[in-house]
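A.B. asks: return a 3D structure for these sequence lines:
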Amino acid sequence: MTQITNSRVYIAKVPVGVAPNKSHFRTVTTTEDKPELEEGSVFVKNILFSLDPYIRHNFAEGAKETEVIGFGFSKVLESKNPNFHVGSSYYFGTLPWSSYSVLGPQELFLNFSIDSIDKDIPLSAYSGVLGTSGLTAWDSLNRVADLKKGETIYVSSAAGTLGQLVGQIAKRKGLRVIGSAGTDEKVTYLKNQLGFDAAFNYKTQNKREALTAAVGPQGLDVYYDLVLDNTVEIALDLFNSHGRIVTVGRLADHNGQELAHPKNIALVLAKQIRWEGYVVFEHFDQFENFWKEVTPLVKSGEFKYTEAVVDGGAGDIADIYFRFLEGGYQGKVSVKLGDF
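C.D. replies: Okay, the predicted model is just below:
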C-alpha cells in the first residue's frame, strides 16, 4: 500500500472578540495509507490555497478540532469521477487546509480543466482577479450597484483584490472613484497605478474628514462596503438621494471589531437609499460571462492587479493567514504548496 505524508490544519480553539491568530490553529502531520476511493470521488494534491477573510466563519461555536476549510486549487492524482482525469484536470473549490484531500461528488461543484484556463495568465490569477473575488466584484456591480456615468463611488479596503477590480470597473464606466487603504504605499498604488481619483489612509487620517473632503460638493452615490463598520454612518451623511450601499464583506467582524450600527439609519428612508448585501455563492452560473468580459482585459493589462503568492507547506498557512489579516500583503494572497 502506497503511503503519503499529510499535514492538516485544525481549529485549536475558537477566538472570542478577536481575529484568529496562530494560537487558534493546530497542524497535525501524519504518515498514512493512500485512501481507497469510492465511485464519484477524486484524490488530489493541494497546490494553491486562497486566503480570504470569510475563513473566519470556520471558527463558529463548537468548531474546535474541525479542519479549516477554504478555497484552493488541486491536482488530480487519482479519479473515479468521469469529469476529472488524472493529469488533465485541476479542481478548484472548497478544500480543507491539508497537503492531500479526498473529494466526493458533493464537493466537486466547480471544475477547471487545463483547457479552460488561459495559459498566458498565471494560475494564481484564477484564485483572485479571475476567481471568486473577481466574480464578486464584477457581478455585484452589475447586479446591485446600478452604476451611472458621472457618479461618485467610494470603495473601502480598496487595495484588496475586490477593491482593486471594483475601482477599475467603475472608472471604465465613467465614475469618479474614491478608495481607502491601510498604508501610504497602498494609497499611492490606488492613485498612481489604478487611476483612483482620490484615496486616503484610513489608519493615519480621520476617516470622516478624509472621505468628506474626497467626496466634495458632488456628494456620494455608491458605497462599496467591504468592512461593515461605522463608515456606513459617514456614507449616509454624504449620500445624494437614491444612493446605493453594496455590502459585500465584513472585515470589521473578521478582525474582532464592532459591526456597523449607524445612528443616522433614518437617512436610508429620507434619502431613499438602497442598501443590499451580496453573496457570490448564489451566482456561480455567471462565471463564463465574467471570464468572457474580464479575461481579455486582464490579459491585455488594461485591468491591473497585485497578488502575493507565498511559498509554504500546509503547516505554514496559519502564520501566513495571520499576517494577511494584519494587512501585511497587498492584493490577493495565496499560499503555494506545490508546482502548478
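
A.B. asks: against K332, how distant is K119?
C.D. replies: Distance of K119 to K332, computed by CB to CB, to the nearest Å: 19 Å. All C-beta atoms are positioned from the backbone trio N, CA, C, and that covers glycine.

A.B. asks: give me the more crowded residue out of these two.
C.D. replies: A count of neighbours by other CB atoms under 10 Å puts K332 above the other of K119 and K332, at 26 against 8.

A.B. asks: pretty sure that one sits against L130.
C.D. replies: No: when contacts are counted by CB atoms under 8 Å, K332 is not listed as touching L130 (10.1 Å).

A.B. asks: in the stretch 201-340 of the chain, where is pLDDT below threshold?
C.D. replies: Regions of the stretch 201-340 of the chain meeting the criterion pLDDT under 70 cover residues 251-257, 260, 340.

A.B. asks: repeat the analysis, applying 90 as the threshold.
C.D. replies: 227-229, 249-261, 281, 284-285, 312-319, 321-332, 338-340 (pLDDT under 90).

A.B. asks: tell me which stretches of it form strands.
C.D. replies: With DSSP state E, counting those that start in this stretch as the criterion, the stretch 201-340 of the chain has strands at 220-225, 239-247, 274-277, 307-311, 332-336.

A.B. asks: same for the last one, what does it pack against?
C.D. replies: Contact here means 3 or more CB pairs under 8 Å, 6 or more residues apart in numbering; DSSP states H and E; on that basis strand 332-336 packs against strand 42-50, strand 307-311, helix 317-325.

A.B. asks: dump that strand to PDB, restricted to CA.
C.D. replies: What follows is strand 332-336, C-alpha atoms only, in PDB (Å, rounded to 0.1, in the frame of the first residue of the first chain):
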ATOM      1  CA  LYS A 332      -4.800  38.800  -3.400                       C
ATOM      2  CA  VAL A 333      -2.900  36.500  -1.100                       C
ATOM      3  CA  SER A 334      -2.400  32.800  -1.900                       C
ATOM      4  CA  VAL A 335      -0.300  30.100  -0.400                       C
ATOM      5  CA  LYS A 336       1.600  27.900  -2.900                       C
END
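
A.B. asks: what's the angle from it to strand 307-311?
C.D. replies: Here strand 332-336 runs at an angle of 20 degrees relative to strand 307-311 (axes from the mean of the first three to the mean of the last three CA atoms, to 10 degrees).

A.B. asks: go on, the first one?
C.D. replies: Here strand 220-225 runs at 10 degrees with respect to strand 307-311, directions being taken by the same axes, to 10 degrees.

A.B. asks: need the residues that contact strand 220-225.
C.D. replies: Contacting residues not belonging to strand 220-225 are listed as 140-141, 145, 147-148, 151-156, 163, 166, 170, 175, 231-232, 235, 238-240, 242-249 [CB atoms under 8 Å, 6 or more residues apart in numbering].

A.B. asks: mind listing the helices in the stretch 151-300 of the chain by residue range?
C.D. replies: Along the stretch 151-300 of the chain, counting by DSSP state H, counting those that start in this stretch, helices occupy 161-172, 184-192, 207-215, 231-238, 251-254, 267-270, 287-300.

A.B. asks: which of those sits closest to G104?
C.D. replies: Between G104 and these, the tightest spacing by CB to CB is seen for helix 287-300, at 21.9 Å.

A.B. asks: may I see the buried residues of that closest one?
C.D. replies: F287, F290, W291, V294, T295, L297, V298 (16 or more other CB atoms under 10 Å).

A.B. asks: repeat that for stretch 310-323.
C.D. replies: Residues of stretch 310-323 classed as buried by neighbour count (16+ other CB under 10 Å): V310, A314, G315, D316, I317, A318, D319, I320, Y321, F322.

A.B. asks: just stretch 40-56 next, same as before
C.D. replies: Buried residues in stretch 40-56, defined by neighbour count with 16+ other CB under 10 Å: 40-53, 55-56.

A.B. asks: these: which two are farthest apart?
C.D. replies: Across the buried residues of stretch 40-56, the longest distance by CB to CB is 32.0 Å; it joins G40 and P53.

A.B. asks: so where's the longest strand in this protein?
C.D. replies: Longest strand of the chain, by residue count under DSSP state E: strand 69-79.

A.B. asks: tell me which strands that strand pairs with, and in which orientation.
C.D. replies: Applying DSSP bridges to the sheet, strand 69-79 is found paired with strand 42-50 (antiparallel), strand 89-96 (antiparallel).
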